[in-house]
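Chemist: Give the three-dimensional model of this entry:
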Amino acid sequence: MAKSIFLSSILILMVFSICTWIAIADTGTATFYTPPYVPSSCHGYKNDGVLIAAASDTIWDNRGACGRKCRVKCLSATSQGVPHPCKGGSVVVTIVDYCPPHSCHGTIDLSQEAFASIANPDAGKINIAFQQ
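Modeler: All right, here's what the predicted structure looks like:
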């Protein structure tokens, strides 16, 4: 009896934390870019690894976004091309670059590796929830 109450409490807490995260996150879209990842607008030729992203004007904040961490979660496809692109889970990326309006097709442009960790790259563009 006590074990089932404990497990029920844990389950309720898990559902609440997931719902809370989605409720306080911003929404937008994500695309991806491929290597080479240097130079970047924020750090020049410094290698920042592969869990990185470029920010659109929506979150760029006149270079204020440089170095910020963002947790990104795939919500759904933006088109009918790949009906179920999301893999589940989320990825934490560091903003290291700027995605200018003439070439930026999403709120955030993830590295290919970051995008592939949460979604099928064949989707190309996904709806996301993100939290800075």
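
Chemist: Please make it C-alpha for all contacts and neighbour counts, starting now.
Modeler: Will do.

Chemist: Can you tell me the strand partners of the helix or strand Val91 falls within and which way each runs?
Modeler: Taking DSSP states H and E as the definition, Val91 sits inside strand 90-98. Strand 90-98 has the following strand partners under DSSP bridges: strand 52-55 (parallel), strand 69-77 (antiparallel).

Chemist: With respect to Glu113, which of those lies nearest?
Modeler: strand 52-55 (8.6 Å; CA to CA).

Chemist: State the mean pLDDT of the closest one.
Modeler: The pLDDT scores in strand 52-55 average 96.

Chemist: rewinding a little: mind exporting the strand holding Val91 as PDB, just the C-alpha atoms?
Modeler: Output of strand 90-98 as PDB, limited to C-alpha atoms (Å, rounded to 0.1, in the frame of the first residue of the first chain):
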ATOM      1  CA  SER A  90      15.400  17.600 -25.000                       C
ATOM      2  CA  VAL A  91      18.900  19.000 -25.700                       C
ATOM      3  CA  VAL A  92      20.800  21.800 -24.100                       C
ATOM      4  CA  VAL A  93      22.800  23.900 -26.500                       C
ATOM      5  CA  THR A  94      25.000  27.000 -26.100                       C
ATOM      6  CA  ILE A  95      24.300  30.000 -28.400                       C
ATOM      7  CA  VAL A  96      27.500  30.700 -30.300                       C
ATOM      8  CA  ASP A  97      26.400  32.300 -33.500                       C
ATOM      9  CA  TYR A  98      23.900  34.600 -35.200                       C
END
